[in-house]
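Chemist: pasting the sequence and the predicted model now:
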Amino acid sequence: MENQAASGAAAPSRIRKTGEDYAVDIFSYVFMGLLAVVTLVPFLHVAAKAFSAEWAVTSGSVGVVPVDFQLDSMRIVLRSKEFLVAFGNSLFITFVGTVVTLVVTAMTAYPLSKRNLPGMRFFLGIFLFTMFFGGGMIPTYLWMQDLKLLNTRTILIVGGLINVYHMLIIKNYYEGLPESVEESARLDGANNFIILFKIILPLSVPVYASIAVFTAVMKWNDYFSAMLYINSPALKTLPLYLRDLIAEAQDVLSQQNSLGEVSPESMISAAIVASTVPILIVYPFMQKYFIKGITVGSVKG
Amino acid sequence: MLKSKRVLAGILSLLVAGAALGGCQKEETTEPQSGAASQSGTSSQTAGEEKPDLKALVGYHSGMDYNTYPVSKYLEEKTGYHVTYDTLPADKPDDKLNAIMASGADYDFIIYRNKQLYANYAQQGALTDLEPLVEKYGPNITKNISKESFDNFRIGGKYYMIPSMNVNLLKGKETTGKTTISNSVIIRQDILEKLGASIPKTIDEFTALLQRIKDEDPNQQGAKNIPLVAGNSFGTDFMGMGLGGAFGIATSWVDQNGKLVPREELPGFKEYIRYLKELYSKGLLDKEAPANAANTTKEKFTSGRAFAFIDGWWDFPALLDAFKKTQPGAEITFLPALSGKLGKAAFGTSSYENAIDTFLMIPHSSQHAEDVIKYVNLKLDEEIFKGMVLGEEGVDYTVKDGAYYPILPAFMNDRGNANEYTTGVTKSYSIYWQARVHKDENLFKAFHQLNGDYMDMLVVDPISRLPIEISAQLAQEQTVVNDLTNQFIVQSVTGDFSDETYQAFLEQWKSQGGDDIIKKVNDWYATAKK
């Protein structure tokens, strides 16, 4: 009671925290802190290996801090032709792929958001169907072969072009936009294209940004498609390049004739670190879109 | 403003179209044909004859692009054939190759390692029969690759591959018809000398040495002291790589009175497990062995914790490099194979005729099979082959007393990865190959210790001479029973082991394929040349 009087006099709007609140706070911080550490440590370990001397890496002396700091591994990796080719390919595919995906997905979602159009439910059903049932890996592979898309950059951009889940997010967002804006535009004589580009598009920037971020990360990290469809060294993407480096270092059979000349651990670690840099740069700016992303289309009005 | 949106839409659609078109174009560049040039009388092409571009599929090798590597340019110059190389991934290449072959491989030739897949493809009719082509266009091939090698790989009477033999063990300048020894137990020689001990030659001496390491802890590791460290395949590794001979099980099959008996049935097998169990329980073998990955064992050794571990000679430079910082003054040496009451010292290896490094096969869909064989034939011309693996005398290598030495760093830059391009090797390859080992004197010493000093301990595993038709039939069962053996050894060493568990294992081993394998192997052995 004294507390209430005191708080009433000093800060009328402050809610006094109980001991329980503090306990929950402490627990949350500790738990999240531990989780963050557990997530961060492996990455710091790889980064430390990237900047440590080879002898330290081979003997397992590296923890989360570089031992015998050196920039040679990073230098060799950044100059390595293979790495640069793979990096360039990944950049190209991510950039072009994201733009193309976004355009196509956004345009596909628009008519689907118009429930009153005849037959739209049917098309929506088809899209939903593909979310659950796919052709399978082998038929898809053979189909791509028929289309002569194997071993090309196109297939990495076009394969999985429309992610139905993302499209649904955009569609839901469109449905959340006020109809009155569209109606008044129509009254003024606007056709569908004008409505889409001049009204809907500017209003949908948040959802587009979210989907762009999702797509960009997915395309950047896509290992499976590249592994399946790409054979030519000139078209390799970064995940494939990294996986090959790591797998080869673990393959003892090939080491006898190559005289143990596989990429040293520190170089592999340097390649991994170099590959994460673009995402690390982009992420802080896009973070808010990531968080908002999934829920952005779900609340109407 | 409306117009700008239209323009934007236009640009975007152009972008999509451009990406589609750009992607559809083939990646090949057309290079001027150099077929007209004839090289020092070795080319069997008539002047001016067009040579088609060849498409090859090879395994992955880091740090090099097959298409731009010096060897590739050299070969194109000398043979007149332009070859573009695609690579399989390093991760699960078998699966990728299966996918490519199943969808009608668009390659003229494939260089690969897995003989099992070769057998599968051959049996399914996916490969080109090479014998008629080799007879007609491959005089160098028949000169350099023995009939036995080809016979080993016949499927249904025909052969479909050109094998690149692994290195033939040399005795002086003569080949021995055996492959090289690759691994043995490596110990810290400096610690050995500190203890005033000598190199153990028998299994008992070895155990006593390990016990001394544990008791006296000469490297001051305290609780971290590990006499012998090993990886998670320690059970099967040790058998062929130095310890198995002492129990008579260095090779996976042994000839007893004209019949082949698998090692699992020999009394030495049980004794071997008892021995490992003893090491494990006394703390002489790393308690974490079943969980150690390959990197972990190396780390434990190079950090100074472990006194001994099994590794290959090619790792010596890396190990010594690490030791410079972590354990200055450290020296390492290989132990010989150890002898024991049940058997003499032996390293089990494969027979030369069956020990191929890689092989070349031509998919049925290739339109240029003839040209591929002509290409391979040219590569086996003595001069061209020598230039391919050694480079240019005076630039890449020198000759001293008939032995070849590399000029560094030129040799490693120009020909370090030449072995990746071999499609068949000449008889003199084993001599040329030594130049590669000379790239680092520590590397050469390590190789020479195993394959010079200890070469008499090499015992050829009789099963390694099995022709591929039979081994392909048995492959699946073989995998199953090998897994059983591995599991059983690890379980026995770390857990229960008795005559009962052994009997149970043996019965399971036999019923899950062992019996079938024994029968088929012996059917072959009865008629095989001994």
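Modeler: Noted; the coordinates are in hand.
Chemist: contacts only, for residue B:111.
Modeler: Residues in contact with residue B:111 (C-beta atoms under 8 Å, 6 or more residues apart in numbering or on different chains) are B:56, B:57, B:58, B:59, B:358, B:359, B:360, B:423. For every residue, glycine as well, the C-beta is placed using N, CA and C.
Chemist: for the strand or helix carrying residue A:23, packing partners?
Modeler: Here residue A:23 is covered by helix A:19-50, with elements defined by DSSP states H and E. In terms of contacts (3 or more C-beta pairs under 8 Å, 6 or more residues apart in numbering or on different chains; DSSP states H and E), helix A:19-50 is packed against helix A:265-293.
Chemist: need the helices for the stretch 51-200 of chain A, in chain order.
Modeler: Applying DSSP state H, counting those that start in this stretch to the stretch 51-200 of chain A gives helices spanning A:54-58, A:72-79, A:81-112, A:120-132, A:137-146, A:153-158, A:164-176, A:179-187, A:192-194.
Chemist: now the first one: average pLDDT?
Modeler: Here helix A:54-58 scores 80 as its mean pLDDT.
Chemist: quick one on the thing from earlier: now tabulate the contacts of residue B:111 in a markdown table and tack on neighbour count, distance to chain A and pLDDT.
Modeler: Shown next, in a markdown table, are those (neighbours: other C-beta atoms under 10 Å in any protein chain shown; distance: C-beta to the nearest C-beta, whole Å; pLDDT from 0 to 100):
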| residue | neighbour count | distance to chain A | pLDDT |
| --- | --- | --- | --- |
| B:56 | 21 | 11 | 94 |
| B:57 | 23 | 7 | 93 |
| B:58 | 21 | 10 | 93 |
| B:59 | 21 | 8 | 88 |
| B:358 | 25 | 9 | 89 |
| B:359 | 21 | 14 | 93 |
| B:360 | 23 | 16 | 94 |
| B:423 | 21 | 14 | 91 |
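Chemist: format those residues as a markdown table; extra columns: secondary structure.
Modeler: Compiled in a markdown table, the contacts of residue B:111 are given as follows (DSSP: H, G, I helix; E, B strand; the rest coil):
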| residue | secondary structure |
| --- | --- |
| B:56 | strand |
| B:57 | strand |
| B:58 | strand |
| B:59 | coil |
| B:358 | strand |
| B:359 | strand |
| B:360 | strand |
| B:423 | coil |
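Chemist: give me the contact status of stretch B:300-320 with chain A.
Modeler: Yes: Stretch B:300-320 is in contact with chain A by C-beta under 8 Å from any C-beta of the partner chain, via B:300, B:302, B:303, B:304, B:312, B:314, B:315, B:317, B:318, B:319.
Chemist: most widely separated two among those residues?
Modeler: B:304 and B:314 (21.7 Å; C-beta to C-beta).
Chemist: low-confidence ranges in the stretch 201-350 of chain B?
Modeler: The stretch 201-350 of chain B contains no residues with pLDDT under 70.
Chemist: swap in the stretch 1-150 of chain A?
Modeler: Scanning the stretch 1-150 of chain A for pLDDT under 70 picks out the ranges A:1-14.
Chemist: sorry, back to before: next, format the helices of the stretch 51-200 of chain A as a markdown table and append distance to residue B:380.
Modeler: Shown next, in a markdown table, are the helices of the stretch 51-200 of chain A (distance: least, C-beta to C-beta, whole Å):
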| stretch | distance to residue B:380 |
| --- | --- |
| helix A:54-58 | 38 |
| helix A:72-79 | 35 |
| helix A:81-112 | 30 |
| helix A:120-132 | 53 |
| helix A:137-146 | 34 |
| helix A:153-158 | 38 |
| helix A:164-176 | 56 |
| helix A:179-187 | 75 |
| helix A:192-194 | 67 |
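Chemist: can you tell which of the ones you listed is closest to chain B?
Modeler: For these, the distance to chain B is smallest for helix A:153-158, at 2.5 Å, taking C-beta to the nearest C-beta.
Chemist: the helix holding residue A:23 vs helix A:72-79, what angle?
Modeler: Using axes from the mean of the first three to the mean of the last three C-alpha atoms, to 10 degrees, the direction of helix A:19-50 lies 80 degrees away from that of helix A:72-79.
Chemist: any stretches of the stretch 401-530 of chain B with poor pLDDT?
Modeler: Scanning the stretch 401-530 of chain B for pLDDT under 70 picks out B:530.
Chemist: helix or strand for the residue of the stretch 201-350 of chain B found nearest chain A, which one?
Modeler: Distances between the stretch 201-350 of chain B and chain A by C-beta to the nearest C-beta are smallest at residue B:299, namely 3.1 Å. Using DSSP H and E, residue B:299 maps to helix B:294-302.
Chemist: now do the buried residues in that helix.
Modeler: Residues of helix B:294-302 classed as buried under the neighbour-count rule (16 or more other C-beta atoms under 10 Å in any protein chain shown) are B:296, B:297, B:298, B:299, B:300, B:301, B:302.
Chemist: list phi and psi for the closest residue to residue A:53 other than its chain neighbours.
Modeler: The shortest distance from residue A:53 to any non-neighbouring residue, by C-beta to C-beta, 6 or more residues apart in numbering or on different chains, is to residue A:68 (3.8 Å). Backbone geometry at residue A:68, expressed as degrees, to the nearest 10, gives phi 60, psi 60.
Chemist: can you give me the domain boundaries for chain A?
Modeler: A:2-69, A:73-293 (automatic domain parsing).
Chemist: which residues of the stretch 201-350 of chain B lie near chain A?
Modeler: Counting by C-beta under 8 Å from any C-beta, the stretch 201-350 of chain B comes close to chain A at B:294-296, B:298-300, B:302-304, B:312, B:314-315, B:317-319, B:321-326.
Chemist: my guess is residue B:490 meets residue B:237, correct?
Modeler: No: look at residue B:490 against residue B:237 with C-beta atoms under 8 Å: they stay out of range, at 11.4 Å.
Chemist: correct me, but residue B:144 touches residue B:422?
Modeler: No: the criterion here is C-beta under 8 Å, and residue B:144 misses it with residue B:422 at 11.2 Å.
Chemist: more neighbours, those two?
Modeler: Using other C-beta atoms under 10 Å in any protein chain shown, the more surrounded residue of residue B:144 and residue B:422 is residue B:422, with 24 against 21.
Chemist: where does that one fall, phi/psi-wise?
Modeler: Dihedral angles for residue B:422 - degrees, to the nearest 10 - are phi -70, psi 130.
Chemist: residue contacts, it?
Modeler: Residue B:422 makes contact with B:164, B:357, B:358, B:379, B:388, B:389, B:429, according to C-beta under 8 Å, 6+ apart.
Chemist: I'd like the distance between the nearest residue to residue B:494 once chain neighbours are set aside and residue B:245.
Modeler: Spatial nearest neighbour of residue B:494, chain neighbours left out: residue B:290 (6.0 Å); criterion: C-beta to C-beta, 6+ apart. Residue B:290 sits 24 Å away from residue B:245, going by C-beta to C-beta, to the nearest Å.
Chemist: more neighbours: the two, which one.
Modeler: residue B:245 (28 against 17).
Chemist: pretty sure the more buried one is touching residue B:457, no?
Modeler: Yes: using C-beta under 8 Å, residue B:245 is in contact with residue B:457, at 7.2 Å.
Chemist: find residues that contact each of those two.
Modeler: B:337, B:345, B:346, B:347.
Chemist: what about the last one, neighbour count?
Modeler: Residues near residue B:347, counting by other C-beta under 10 Å, number 26.
Chemist: same thing with the second one?
Modeler: Taking other C-beta under 10 Å as the neighbour definition, residue B:345 ends up with a count of 23.
Chemist: the first one now?
Modeler: Residue neighbour count, defined by other C-beta under 10 Å, stands at 30 for residue B:337.
Chemist: now the angle between helix A:265-293 and the helix holding residue A:23, please.
Modeler: If you take the same axes, to 10 degrees, helix A:19-50 sits at 140 degrees to helix A:265-293.
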